[in-house]
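Asker: 3D model of this:
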Amino acid sequence: MAIETPNYKVIKKSGRIEIREYEPYLKASVYVDSDSYNSAGSYAFSVLADYIFGNNTKSGKIPMTAPVDTQMSEQIPMTAPVDTTKSKGQYKVSFTMPSSYSLKTLPKPNNNDVIIEQVPKRKMATIIFSGYTPDEKVNKKLAELNNWLEVHKLKASGEPILSRFDSPIKPGFIRHNELSLKIS
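Answerer: Predicted coordinates for the structure are as follows:
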């Protein structure tokens, strides 16, 4: 059985880089203070897994989807002001929700740290890569993606989104990862 992922169409492909147009979808997110993509993902994964495994208003399980997204965030959750320093950042870690749910039918989280969001239709530039995702590698892939965008005269906005599609127990050399930037 294949795991559901967000629907998109590829507009342009160049090696491991794609320009994609995504359809709207729902995601459940948690903001965490962390010093790296990996530590943010480790902490937030358990909070989000708790929500989809039944800690919600219907006490029902929500099917797992892919990817798990981690994004550096300058945003501060509306419920609490958070100070951000250069040595630490705030990350938003998100699970994509199954397309069978709408904002009305998706169970509400019992944990107030879990936020349900509607992601609008958007265009993204994405670089596909395998292996583990230490920050040094993510930064290298981001530079590669930014260089490609500059050569093709495309403008990115917002923070990069690191998408991981595989279980943490899957060997690194066969893991599927993507790094994306929103484009105009």
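Asker: For this structure, which segments are assigned as helices?
Answerer: 37-52, 135-151 (DSSP state H).
Asker: Could I get those helices in JSON lines, plus columns for distance to Asn177, mean pLDDT and mean neighbour count?
Answerer: Quick note: C-beta positions are derived from backbone N, CA and C, even for glycine. Formatted as JSON lines, these follow (distance: least, C-beta to C-beta, whole Å; pLDDT from 0 to 100; neighbours: other C-beta atoms under 10 Å):
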{"stretch": "helix 37-52", "distance to Asn177": "10", "mean pLDDT": "91", "mean neighbour count": "18"}
{"stretch": "helix 135-151", "distance to Asn177": "8", "mean pLDDT": "97", "mean neighbour count": "15"}
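Asker: and the lowest-mean-pLDDT helix or strand in the chain with helix 37-52, angle?
Answerer: When each helix and strand of the chain is scored by mean pLDDT, DSSP states H and E, strand 68-73 comes last, with a mean of 88. Here strand 68-73 runs at an angle of 120 degrees relative to helix 37-52 (axes from the mean of the first three to the mean of the last three C-alpha atoms, to 10 degrees).
Asker: so where's this structure shaky on pLDDT?
Answerer: Residues of the chain meeting the criterion pLDDT under 70: 1, 74-88.
Asker: if we go to 90?
Answerer: Applying pLDDT under 90 to the chain flags residues 1-3, 34-39, 41-43, 72-89, 166-169, 172, 184.
Asker: Please identify the residue most distant from the middle of it.
Answerer: For the chain, the C-alpha farthest from the mean C-alpha position belongs to Val151; by C-alpha atoms, centre = their mean, that distance is 25.6 Å.
Asker: okay, which residue is most central for the chain?
Answerer: Geometric middle of the chain (C-alpha atoms, centre = their mean) lands on Asp69, at 1.7 Å.
Asker: I'd say it and Ser94 touch.
Answerer: Yes: between Asp69 and Ser94 there is a contact under C-beta atoms under 8 Å: 4.4 Å.
Asker: Spit out the residues that contact those two alike.
Answerer: Residues touching both Asp69 and Ser94 by C-beta atoms under 8 Å, 6 or more residues apart in numbering: Lys27.
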